[in-house]
Every structure is written in C-alpha cells, then in structure tokens.
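**Student:** sequence first, predicted coordinates after that:
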Amino acid sequence: TTLGICSSFAVSPSPDSSFAVVWVIALIPLAAFLAMVIGQARRQLWFLIGVVVIALAVISAVRLGLYGIRPQAPLTDANSYGALLYVVLLILTGRILELKWGGMLSRSWYPGLLAVTLMVFVITGTQSRASVVIVVTAALFWLVYALRHRLDLRPLAAVIVAGVLGAALNELVNARYSIGGGTEAIAGGVSVRMTLIESALEMYRDHGVSGIGLYVFPLLYRQVRTAADDDSAGLFVHNDYVQLFVEGGPLLVLPFIAATAWVGMVLWRSLFGVAR
C-alpha cells in the first residue's frame, strides 16, 4: 500500500490536491498496524469510538425528528456518514448477538437494541441506499449463520424488529417533513455510477501502470463526461476499488482487494466452520 501511495503521488499532475488524499489512504495501513500493537487497549478504543459515533447519532436523530434535517454532520456527505454509522452498528450488533447466543447475561442487551433502533433510524434518514443494502445484507448473513449453526432465532428476531422500528420511524419523519434527496430510482443511480466507472477506465488507458495520479479523476472528468451523466459533480468514481486502480494503479488497489478476499474467507469459515 505504501509503495502504491508513493508511486501514484510521485506521478500525480496535481500533488497539492493529492496531499490530503495520500494521508487518508495512508491512515488505513497505519490503523491496522496500531491495532496489532495496542493489545488490550483495543477494547477501550472501540468503546470510545462507539460512544462518540452513538452520540453523533443521537444528535442527528434529534435534528431529524424535530426539524427534518437530513443526517450528515459532522461529515459533508450523507453517504459517508451512513457508512460511519453502519460500521459501528454492525460491530455492535454482532457483539450483542454473540453474547446472547453464547448464553452470557449482559446488561448491554437492551441498551444495544435501543442503539440498533437509533442507528437504523439515522442511517435510513441519510437516504444512502448503499448503507441500507449493507445493513439488510448483514441481517441476512446473521440469519443464515443462525440457521446453519442451529442457534436460537429469538435474539436475531429482536435485533431485526429493533431495526425495522428505526426504519418505520424514519418513514414517519419523511411523511411529516417530505425530506428530499432519496427520490432517485436505484436503476438511475446505478446507471450514473456505471458512466463514472467507464469514464475512469477511459482515463486509465491513456496512462501507465502507476495510474493517473491521486485525486486527478475530478480534474480530468470534465474532459470525458458523457451526455448520460448530467447530474453528477464528478468528484468521485463512487467505486473505491475502481478509483484506487485508476488513480494509483494495481500497486495501490491490490492490498485492498487482498483484504476484501481475506474478509470473505473469514465470513465463509464462520458460516461453514464450527460455531464458537
């Protein structure tokens, strides 16, 4: 990853614009390294992160419920905010299900269910379709996991009911305030993203193995924008793997593909291995 970052940054025709992006990408391997060396402090770190994100979700829920403000603060993009929320939501949900299925009495069960309702309410309020799909996919995975290992379905049913309640509350808020931003059909969103991907790959064909340079896509996109894309700002490809490949070449994207493959293997083993 470091080699990919350095090579792409070196050839970038816009190094000033790339500087912040370099550090953001560099934080990923740095975070992985820190996770390996901090040992038991990881639990306290995750707890602190969870508290901060849930506190943000509470603020967003109040603003959404009382004033109809679409959640996205403190980030500038509602989709990114939805991603932050669902990462913590999935970790939290997995933990409380693990405790319940393990037969351990935990005072975190009912607060955990309340947090699920809260975070699903805010996630659906962001109107990020990708976030909603990921949350639903996670619920389906846990269902298959529970059936595969013959676990009690009641804890999972409670979690799903809590999530459905959060989504239903968001529908009530939407009906009250007529919040815009989520009216675009899924097919339309996919079409725009495919156009962005095609444009990005067209840029890459004109450059070498190191890619076009970090954060150069939005600079070149205006030159290759097609008539099919009339509503995108063209700041991102909306596909992290394609953007990393186009801007940084294979050296930058391969570590992330490897990490994704490793996660897939862990999920496969958890489904078809021996339950803990």
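**Tutor:** It's in.
**Student:** where exactly do the strands run in the stretch 51-200 of the chain?
**Tutor:** Listed in chain order, the strands found in the stretch 51-200 of the chain under DSSP state E, counting those that start in this stretch amount to none.
**Student:** pLDDT averaged over stretch 95-106 - what is it?
**Tutor:** Mean pLDDT, computed over stretch 95-106, is 88.
**Student:** ok, stretch 249-264 next?
**Tutor:** Averaging pLDDT along stretch 249-264 gives 90.
**Student:** any chance you could list what contacts that stretch?
**Tutor:** With Cβ atoms under 8 Å, 6 or more residues apart in numbering as the contact definition, stretch 249-264 has outside contacts at 1, 3-5, 7-8, 25, 29, 208-211, 240-241, 244-245. No exception for glycine: its C-beta is placed from N, CA and C like everyone else's.
**Student:** what are the buried residues along that stretch?
**Tutor:** 249, 251, 252, 253, 255, 256 (16 or more other Cβ atoms under 10 Å).
**Student:** can you put the residues you listed in TSV and add distance to residue 123 and secondary structure?
**Tutor:** As requested, those are arranged in TSV below (distance: Cβ to Cβ, whole Å; DSSP: H, G, I helix; E, B strand; the rest coil):
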residue	distance to residue 123	secondary structure
249	34	coil
251	34	helix
252	29	helix
253	27	helix
255	28	helix
256	24	helix
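**Student:** coming back round to it: show me which of the contacts of stretch 249-264 are buried.
**Tutor:** Listed as buried from the contacts of stretch 249-264 are 1, 4, 5, 7, 8, 25, 210, 211, 244, 245; burial here means 16+ other Cβ under 10 Å.
**Student:** where do the helices sit along the stretch 51-200 of the chain?
**Tutor:** Assignment of helices within the stretch 51-200 of the chain using DSSP state H, counting those that start in this stretch yields the ranges 78-101, 109-126, 129-148, 153-177, 186-204.
**Student:** of the ones you listed, which is nearest residue 57?
**Tutor:** Comparison of the helices of the stretch 51-200 of the chain against residue 57 by Cβ to Cβ identifies helix 109-126 as nearest, at 4.8 Å.
**Student:** may I see the buried residues of the closest one?
**Tutor:** By neighbour count with 16+ other Cβ under 10 Å, helix 109-126 contains the buried residues 109, 112-113, 115-126.
**Student:** relative to residue 76, which of these is nearest.
**Tutor:** When the buried residues of helix 109-126 are compared for distance to residue 76, the smallest value, 12.5 Å, is given by residue 126; criterion: Cβ to Cβ.
**Student:** surely the closest one meets residue 69?
**Tutor:** No. Look at residue 126 against residue 69 with Cβ atoms under 8 Å: they stay out of range, at 11.1 Å.
**Student:** in strands, which of the contacts of stretch 249-264 appear?
**Tutor:** Within these, no residue falls in strands by DSSP state E.
**Student:** farthest pair within those?
**Tutor:** The widest separation within those, taken as Cβ to Cβ, falls between 29 and 208 and amounts to 23.6 Å.
**Student:** which stretches of the stretch 151-276 of the chain have low pLDDT?
**Tutor:** Within the stretch 151-276 of the chain, the stretches falling below the threshold (pLDDT under 70) are 179-189, 227-231, 274-276.
**Student:** ok, 80 please
**Tutor:** 178-192, 206-208, 224-234, 273-276 (pLDDT under 80).
**Student:** burial of the residue nearest to residue 135 when sequence neighbours are not counted, as a residue count?
**Tutor:** Using Cβ to Cβ, 6 or more residues apart in numbering and skipping the chain neighbours, the partner closest in space to residue 135 is residue 86 (5.5 Å). Neighbour count for residue 86, taken as other Cβ atoms under 10 Å: 23.
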